[in-house]
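In: no sequence on hand, only this structure:
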C-alpha cells in the first residue's frame, strides 16, 4: 500500500486526538512563558533550562517508583537496545526537548511569547510534513492529502501574519533561529517518544527516558557555560516559575500517546493551534514588556483553527465516488 493510500484516522480517534494535541500546545505555551520568565529573572537561560528539566525529572522518577508498567518498560527498552532490536537514536527524543527548553530560557523572554511561539510553529509545521511523510517505527507514514497540504499551507500563512508586525529589525536573528530549530525537532521527538511508548507499553517509560537524555545534555552544556559565566547568585522565590518541567512532563507523555494514533502532522498542527491560542491569551492577560498585541496576532491565531479543521478532512471527502475530485 502506498503512502498516499494509507487510511485517515477514524473520527472516534481523530477528534479526541486533536483535542489532546490542542492541550499539548496549551502546555507548551504556558511552559514557554514560565521558562522565559525564569531565564529572565535568573539572567541565565542555561540554568533555567536545567531547573525546568530537573523538576520534570523529579516528578517522573516519583511516578516511575509507583508505576509497575513504567519500570517494566525501562527493562524492555534496555534489553532491546542491548540486543540491537532498537536503534539507539530512538531513545534520544529528549535531545530535542533539551533544545526546545534551552531556547525557551534563552530567547522567549526577549522575543515575547508570540514571536517565540510562531518561530517554533514555522519549524514544527515544515518538520511535521516531512516526518509524517516518512514515518518512524510504529508511527506509520500518513496520507499526504490535498487537505493536509492545504491545512499546512494555511498554518504557515497564519504564522507569517502573526509575526508580520513584530519583526522591525530590533530582534537579533539568532534569537529567532534558535526556536525555529527547536520547532524542527519537535515532530521527530514526538514520533521517537511514541515509538518508545509503543515498544515499552508505557508512556511513563517514554517520558522518563526523554527527561534522562534531555537533562544529561543540558547539565553538560550548562556546566561548560558556567565555567565562563558563573552561576546565578539569586534565585526567584515565586514557586510558579519552577513548574515548567512539571507541565513539560504532561505534554511529553500525552504526545507520546497521540503520535502513533493521529500522525505527527495532525499532532503538530493541533499543538500549534493550542500554542497560539494560549500565547494570545497570555499576551492579553499578562503582556510581555515592549510587545503590544497586534490585530494580526488575533487574526492569524483564528486562521490556525481553520487550518487545523481543513487538515482533518479525510481524503475521500474531497473525491467523488470513483476517486475523482468533487466539482
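Out: Received it, and whenever you're ready, just let me know what you need. Because the structure is a prediction, the values reported are computed rather than measured. Numbers count the residues shown, from 1 in each chain.

In: least trustworthy helix or strand in the protein by mean pLDDT?
Out: Scoring the helices and strands of the chain by mean pLDDT, DSSP states H and E places helix 109-111 at the bottom, with a mean of 72.

In: just the strands in the protein please.
Out: Counting by DSSP state E, the chain has no strands to list.

In: could you pull out the helices for it?
Out: 11-42, 45-66, 68-83, 93-103, 109-111, 113-134, 146-163, 173-200, 203-229, 244-262, 264-285, 295-311 (DSSP state H).

In: now those helices as TSV including mean neighbour count and distance to residue 235?
Out: (C-beta placed from N, C-alpha, C; glycine too.) Output for the helices of the chain, formatted as TSV (neighbours: other CB atoms under 10 Å; distance: least, CB to CB, whole Å):
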stretch	mean neighbour count	distance to residue 235
helix 11-42	22	7
helix 45-66	21	8
helix 68-83	15	31
helix 93-103	27	17
helix 109-111	23	16
helix 113-134	25	22
helix 146-163	20	33
helix 173-200	23	24
helix 203-229	20	14
helix 244-262	24	14
helix 264-285	25	23
helix 295-311	19	32
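
In: of those helices, which shows the lowest average pLDDT?
Out: The weakest mean pLDDT among those belongs to helix 109-111, with a mean of 72.

In: residue 214: what's it in contact with?
Out: Applying CB atoms under 8 Å, 6 or more residues apart in numbering, we find residue 214 in contact with 53, 94, 95, 97, 98, 101.

In: residue 212 reaches residue 94, doesn't it?
Out: Yes: with contact defined as CB atoms under 8 Å, residue 212 reaches residue 94; the gap is 6.5 Å.

In: off-centre distance for stretch 203-216?
Out: 15 Å (CA atoms, centre = their mean, to the nearest Å).

In: swap that for stretch 80-98, please
Out: 18 Å.

In: straight-line length of that stretch, end to end?
Out: 24 Å (CA to CA, to the nearest Å).

In: then stretch 285-303?
Out: End residues of stretch 285-303 are separated by 21 Å (CA to CA).

In: and the gap between the residue sitting nearest the centre point of the chain and residue 180?
Out: By CA atoms, centre = their mean, the chain has its centre lying nearest to residue 186, at 4.7 Å. Distance of residue 186 to residue 180, given as CB to CB, to the nearest Å: 11 Å.

In: give me the common contacts of these two.
Out: In contact with both residue 186 and residue 180: 120, 123, using CB under 8 Å, 6+ apart.

In: hmm, residue 49 is touching residue 34, no?
Out: No: counting by CB under 8 Å, residue 49 stays clear of residue 34, with 11.8 Å between them.

In: pull the number of nearby residues for the nearest residue to residue 135 once chain neighbours are set aside.
Out: Closest residue in space to residue 135, ignoring its immediate chain neighbours: residue 141 at 3.7 Å, by CB to CB, 6 or more residues apart in numbering. A total of 17 residues lie near residue 141 under the criterion other CB atoms under 10 Å.

In: one step back: quick check: neighbours shared by residue 212 and residue 94?
Out: By CB under 8 Å, 6+ apart, no residue touches both residue 212 and residue 94.

In: what's near enough to touch the residue nearest to residue 110 when sequence neighbours are not counted?
Out: The spatial neighbour of residue 110 that comes closest, neighbours along the chain excluded (CB to CB, 6+ apart), is residue 175 at 5.9 Å. Neighbouring residues of residue 175 by CB under 8 Å, 6+ apart: 106, 107, 110, 111.
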